[in-house]
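1. Sequence first, then the predicted structure, then my questions.
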Number of protein chains: 2
Amino acid sequence: MIASLVNGIPGDQVSILDRGLQFGDGLFETLAVVNNQSCLWDAHMARLAAGCSRLGMRMPDVNLLAEESRSLIGDHQQAVLKIILTRGCSTRGYAVPADTPETRILSLFSWDGPTSQTLKINIASTRLGLNPQLAGLKHLNRLEQVMARRELPSDCQESILLDAQGRVVEGIAANLFLQQEDQLKTPLLDACGVAGVARQLIMNTARAMNMPVEEMRLQPQDLLQADGLYLSSSLMGICSVSAIQGQNWQASRLSHPVMEAASKRIFQP
Amino acid sequence: MIASLVNGIPGDQVSILDRGLQFGDGLFETLAVVNNQSCLWDAHMARLAAGCSRLGMRMPDVNLLAEESRSLIGDHQQAVLKIILTRGCSTRGYAVPADTPETRILSLFSWDGPTSQTLKINIASTRLGLNPQLAGLKHLNRLEQVMARRELPSDCQESILLDAQGRVVEGIAANLFLQQEDQLKTPLLDACGVAGVARQLIMNTARAMNMPVEEMRLQPQDLLQADGLYLSSSLMGICSVSAIQGQNWQASRLSHPVMEAASKRIFQP
């Protein structure tokens, strides 16, 4: 870690009474910093605000977050900026005292930049629980991702997570798109999963190009029958999948105009 | 908070890189301290060890935890002892570096003791996600409980949580038992829920009295048709429910020899 701010003050400690630690009661954003700028800042702030609304937390002043982010980034050209927002500190128990101030934790990490590789992936045995109330949020309850990461084979770069009913949802730290001929499809995230900023950018890009992306229920066999698979995240950008569970694709089959266009936007401010 | 130890050292701060904060990657135990002793210590340690095994974490030396607990309790006759165990610190990302030492966080809170009241409860609209891999564990991913607590009506002391399929699971911070004539039933916790130490004590007590408790699937209507309901936890002990969603019970219908016997054991070492 290069540097960090806790509620605007340089430091790397939080209270053990912080509800982020006690209950995972909070949200986070992970942003690429390229050319000294946070990428897709507005989209990340919009998702954070939507998460606050869903969890009943106060969204901090975006100008304050921007100022703290700039101060932390300083003259670092390339880095990863992680923003954690928790519901703040309380005493023992789940009840939230009135007027508890949220905790802002900004941290900056060194980063070699996106590795524009094709990925070999597998399908995790860890499943995602179904909870529509929390679906789509990038909240701090991430034990499922931790467990999936622990079982990642050393020759794979990502794993696909299925939900409790066996439907395809996403990667451990990325969203998933499937290509069938020219059609793009991505799992509906109404019961679990994280609605990624890169995922949203891809969908917006498709709509702007008049090539809609369908959000739908997908089964594991849909992956194996696809003409191509893509994983997207704010840090990896858009990667194509070269192999999954013994199914291989030629890289040449995996180009899609929407993905090409969206790729050029991901590492912009 | 009266006092706290982080890895055995007096203090109330943890690193922002602690995986407990970053991902809720850890477990906790909450123990009643009565007559200067931690209650049901062995059962809490057994559950913590089982949780470590399921999550692939190292269980600390129980003698070390006991020593640190005694040091924290000091001469406090009555208190609540909370033990949080996280997978320790790591840099950004879900991967767990080899040989990362776990973080032990012990904290002591003042406590007025159990309030042996009958409870008025409701049924929460917040649902519990289904995840057999994490079911039963007292892990740090507790956003569902936070959301349920936020919607608790001011005239209720607890809420019953249903799972994503509408089945009855537990209270926000307690387990549930249902009485039909002399029969005791409690929800199966194979897909979600916390397997409480008080719940286990009740089941062990029943078996010792040759009065088995059935773990089974229960529906909301089963609650309304029951002859009595009980909630149990290490801090509340065993409480009977006086009202749920307009259904009222006479306190006299709620005595059961197993609950009477288990009640006498909950606040013992």
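-> Done, it's in.

2. dump the residue contacts of the closest residue in space to residue A:24 that isn't next to it in sequence.
-> Nearest residue to residue A:24, sequence neighbours excluded (CB to CB, 6 or more residues apart in numbering or on different chains): residue B:24, at 3.2 Å. C-betas here are computed from N, CA, C, even on glycine. The contact partners of residue B:24, taken as CB atoms under 8 Å, 6 or more residues apart in numbering or on different chains, are A:23, A:24, A:140, A:141, A:142, A:143, B:139, B:140, B:141, B:142.

3. ok, and the closest non-adjacent residue to the most centrally placed residue in chain A?
-> Nearest to the mean C-alpha position of chain A, by CA atoms, centre = their mean, lies residue A:196 at 4.5 Å. Of all residues not flanking residue A:196 in the chain, residue A:175 sits nearest, at 4.3 Å (CB to CB, 6+ apart).

4. Would you agree residue A:56 is in contact with residue B:146?
-> No. Using CB atoms under 8 Å, residue A:56 is not in contact with residue B:146; the gap is 9.2 Å.

5. So if I had to pick from these two, which one is more boxed in?
-> residue B:146 (23 against 12; other CB atoms under 10 Å in any protein chain shown).

6. check contacts around the residue of the stretch 101-250 of chain A found nearest chain B.
-> Closest approach between the stretch 101-250 of chain A and chain B, counting by CB to the nearest CB: residue A:129, at 3.0 Å. Residues counted as contacts of residue A:129 (CB under 8 Å, 6+ apart) are A:144, A:163, A:164, A:192, B:129, B:130, B:131, B:134, B:164, B:192.

7. residue contacts, the residue nearest to the last one when sequence neighbours are not counted?
-> Setting aside the residues directly before and after it, residue B:192 is nearest to residue B:128 in space (CB to CB, 6+ apart), at 4.2 Å. The contact partners of residue B:128, by CB under 8 Å, 6+ apart, come to A:131, B:144, B:161, B:162, B:163, B:164, B:169, B:192, B:193.

8. swap the cut-off to 6 Å and go again
-> Going by CB atoms under 6 Å, 6 or more residues apart in numbering or on different chains, residue B:128 touches B:144, B:161, B:163, B:169, B:192.

9. swap in residue A:256?
-> Per CB under 6 Å, 6+ apart, neighbours of residue A:256: residue A:179.

10. Tell me how many other residues crowd residue A:101.
-> 11.

11. ok, now residue A:257?
-> Neighbours of residue A:257 (other CB under 10 Å): 12.

12. list the contacts for the residue lying closest to residue A:100 once chain neighbours are set aside?
-> Closest residue to residue A:100 in three dimensions, ignoring its sequence neighbours and counting by CB to CB, 6+ apart: residue A:88, at 4.2 Å. Listed by CB under 6 Å, 6+ apart, the contact set of residue A:88 reads A:100, A:101, A:102, A:103.

13. Of these, which is the most crowded?
-> Ranked by neighbours (other CB under 10 Å), those are led by residue A:103, which has 22 neighbours.

14. Let me know whether that one touches residue A:87 as I believe.
-> No. Checked against CB atoms under 6 Å, the pair residue A:103 and residue A:87 is beyond contact range at 7.9 Å.

15. among the helices and strands of chain A, which has the poorest mean pLDDT?
-> When the helices and strands of chain A are scored by mean pLDDT, DSSP states H and E, strand A:247-248 comes last with a mean of 82.

16. and that strand, which strands flank it?
-> strand A:237-244 (antiparallel) (DSSP bridges).

17. what is the rounded mean pLDDT of the strand it pairs with?
-> Taken as a whole, strand A:237-244 has an average pLDDT of 93.

18. Show me how far that strand is from its chain's centre.
-> Offset of strand A:237-244 from its chain centre (CA atoms, centre = their mean, to the nearest Å): 16 Å.

19. contacting residues around that strand?
-> Outside strand A:237-244, the residues that touch it by CB under 6 Å, 6+ apart are A:114, A:118-121, A:229-232, A:249, A:254, A:259, A:263, A:266.

20. Residue A:215 contacts residue A:188, correct?
-> Yes. Between residue A:215 and residue A:188 there is a contact at 4.7 Å, judged by CB under 6 Å.

21. All set now, cheers.
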